[in-house]
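# Got a predicted model here, sequence first, then my questions.
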Number of protein chains: 2
Amino acid sequence: MTDGHIEAVYRVRSREDALHGRIEALLLEQTVELPRSALRTAFVKERLVGKVLAMEKLGPDDFRVTLAQPELATGDDPAQLLNVLFGNCSLQPDVLLEDVRLTPALESMLGGPRFGILGIRELVGVQGRALTASVLKPIGLTNQETASLCGALARCGIDIVKDDHGHADHSFGPFGERVRLCLRATDEAAQETGRPTLYVPNLTGSPATVLEQVRVAREAGVKAVMVSPMLIGLPFLVDIASDLGMPILAHPAFGGAQRISPAALLGRLFPLFGADAVIYPNYGGRFSYSREECGAIAAALRSPPGAIRPAFPVPAGGMKVETLREVLGFYGKDTILLVGGSLLDAPDPATLAERGRQFVEAAAAFPYRT
Amino acid sequence: MTDGHIEAVYRVRSREDALHGRIEALLLEQTVELPRSALRTAFVKERLVGKVLAMEKLGPDDFRVTLAQPELATGDDPAQLLNVLFGNCSLQPDVLLEDVRLTPALESMLGGPRFGILGIRELVGVQGRALTASVLKPIGLTNQETASLCGALARCGIDIVKDDHGHADHSFGPFGERVRLCLRATDEAAQETGRPTLYVPNLTGSPATVLEQVRVAREAGVKAVMVSPMLIGLPFLVDIASDLGMPILAHPAFGGAQRISPAALLGRLFPLFGADAVIYPNYGGRFSYSREECGAIAAALRSPPGAIRPAFPVPAGGMKVETLREVLGFYGKDTILLVGGSLLDAPDPATLAERGRQFVEAAAAFPYRT
């Protein structure tokens, strides 16, 4: 780490003989946006212009470039930080943001996960094994139907049951009523089973809407929430995390097309901005991340920089109860396994209950290496 | 338009023999997120599942697919609307969002530009020609230096002088002071020249920060603002536009890497969500959009659907005073030309003033076809 500088690692596609100019342009584009010759004051030249820290050739026309950019340019602001990292150069298809290292001051401004792995474990009362999670789908169910599904999943002993990220304040399923009915369903299930299930509602909308949902959720007794940071705006996550007082699950919707590596966006930026657990498409499902990318996301979440708390990886998307052993072997215990469709497409309630119990038993019985 | 449905046009890369399955998966992924066989209630099956409207083969493995999705699924919410259009499928690299058609009800919920081309023309008092705009760069200048540059550009007769989108509430240039000094500089210049210049500050940060900047800007007498919707969160633009009561320039930072066509994101979604003028990288500059893409963005902004007001295209990035005639010929009069670097890299104040006047004269003297 260069003192008072953040580091941004880019993959740059460039002809080798044009690389020097390309990197100089990238360096200046992200802060002063002017050629060096147009910079007039000593303060700008000395304090706002970053420098090239490293350059590595990875293949023909393919380079890894590490830039140090002045912390000062970020104005201690989450949106301006994103702008310095990937604002204008998001418009340039020859550049991909691969990794990010902030300064302790910026990490402290962002705050990171307020709960993280330890806080979520404490909340659900589970140590020594992976957590189980499922999802309330599809949208379009009445709130009574959604709550009934929530209760059925909770009675299987699943640790966390969350809204679908498509759950908004729909006419067919208003937010406040859904939250109250699902909380009641998990409470009733806990009385039957003797173990609690954490119901996690989805917050979505413009800031005014989301802040009202926070109020309603808190009043109803909600203990954790989900948001899709790329839909609602990543800097908004910082506001939410600093006031909320409960864990935040982050969903990757609308974030996949960013030319930022999944490990940097989901594994590094989401938790720095306040996410305690981050959902992402697991390898082998209906999305496109490789096993290697998934491992990199999980590693980034669990090994944060500096004083930031570790966050839970939440692999999801197309996982089947039958193949959980492989996934558990890959991820180990500090993981939340999110299984949705393969439970929900059960042909009848008895099959759903049976598959749900298999899911819970698979996570409980797996021989984790400690 | 299918009644009660929005239309989303995607480019899909798929083998032809797998196309049917790929489209079915895309259709379901964006709303119910479950296979059809797992949908249990008639309401979900009939009201939440969209349909395929059209399919066109463009080349080998390259298809254009138009889906109708139920308006109901969007919950009349801007974030959930984005989720239906490009939430989960943003994580699937074989899909690109190419065009969007909403329903009158959703257009009315979003509101579109509150001022648009006519409102901005009225504000700056200019009819019958393209508007001229420039930018206060680099960040790192003191507020006094920034205001002095603002005054110099205003004395050239430039219609609009805006902050750089990297201007936050920096320690070296606090927001409130910058706004007051720049407004004073444009007022003083107007007294000299007899024509007004609109100073447009940049708002950036998490929602709490931006709302505070709105308050400060309004109190200081600001008459238009700039935001980067993809940095602050596109749904937040809807909140801002509905309360602000002044025109909004939108900057594309952090939005370029989305696998959404520039015409759909910048030309269609930005103004629907409330932008009155949209900045984008012009062809031939240091960014990558083609002349054809730039024409499509401008056409989308000026020809909105339904009752939505036309918005100004603001081509920017690497335009030179010497080549403005070509650009004016391409865009015509309903355009704001944004020239930054090629004025600001002038070696001395006299050259800057000379180039600024040439810029203003070029826009005034061009033989526009009416």
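That came through fine.

# hey, let's count contacts and neighbours off CA atoms from now on
Noted.

# Quick check: longest helix in chain A by residues?
Counting residues, the longest helix found in chain A (DSSP state H) is helix A:175-193.

# So which residues of the stretch 51-200 of chain A form strands?
Ranges of strands within the stretch 51-200 of chain A are A:51-59, A:62-70, A:95-101, A:131-136, A:160-163, A:198-200, based on DSSP state E, counting those that start in this stretch.

# worst average pLDDT in the ones you listed?
With a mean of 86, strand A:95-101 has the lowest mean pLDDT of those.

# Could you give me the buried positions within that one?
For strand A:95-101, the neighbour count (16 or more other Cα atoms under 10 Å in any protein chain shown) marks A:95-101 as buried.

# Just want the angle from that strand to strand A:62-70.
50 degrees (axes from the mean of the first three to the mean of the last three Cα atoms, to 10 degrees).

# So which residues make contact with strand A:95-101?
A:1, A:6-13, A:85-86, A:89-90, A:259-261, A:263-264, A:268-269, A:305 (Cα atoms under 8 Å, 6 or more residues apart in numbering or on different chains).

# give me that answer again for 6 Å
With contacts defined as Cα atoms under 6 Å, 6 or more residues apart in numbering or on different chains, strand A:95-101 is touched by A:6-12, A:259-261, A:264.

# Of the residues you listed, which is the nearest to chain B?
Ranked by distance to chain B (Cα to the nearest Cα), these are led by residue A:259 at 5.3 Å.

# Now for the residue in the stretch 101-250 of chain A positioned nearest to chain B, how many residues are close by?
Closest to chain B within the stretch 101-250 of chain A is residue A:233: 3.5 Å, counting by Cα to the nearest Cα. Per other Cα atoms under 10 Å in any protein chain shown, the neighbour tally for residue A:233 reads 26.

# For it, which non-adjacent residue is closest in space?
Nearest residue to residue A:233, sequence neighbours excluded (Cα to Cα, 6 or more residues apart in numbering or on different chains): residue B:233, at 3.5 Å.

# Then residue A:152?
residue A:353 (7.0 Å).

# State the distance from that neighbour to residue A:157.
The gap separating residue A:353 from residue A:157 is 10 Å, by Cα to Cα, to the nearest Å.

# related to what we said a few turns ago, so how far is residue A:154 from the residue nearest to residue A:152?
Per Cα to Cα, residue A:353 is found 10 Å from residue A:154.

# before we move on, what about residue A:140?
Where residue A:154 is concerned, residue A:140 sits at a distance of 21 Å (Cα to Cα).

# neighbour count winner among those two?
residue A:154 (30 against 27).

# Quick one: name the residues of chain A near chain B.
With Cα under 6 Å from any Cα of the partner chain as the criterion, chain A meets chain B at residues A:32, A:38, A:44, A:75, A:77, A:79, A:86-88, A:90-92, A:138-140, A:170, A:205-207, A:231-233, A:235-236, A:253-254, A:256-259, A:287, A:345.

# Mark which of those are part of helices, please.
Those of the residues of chain A next to chain B lying in helices (DSSP H): A:79, A:86, A:207, A:231-232, A:235-236.

# could I get those residues as JSON lines with pLDDT?
Formatted as JSON lines, these follow (pLDDT from 0 to 100):
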{"residue": "A:79", "pLDDT": "85"}
{"residue": "A:86", "pLDDT": "86"}
{"residue": "A:207", "pLDDT": "95"}
{"residue": "A:231", "pLDDT": "88"}
{"residue": "A:232", "pLDDT": "91"}
{"residue": "A:235", "pLDDT": "93"}
{"residue": "A:236", "pLDDT": "95"}
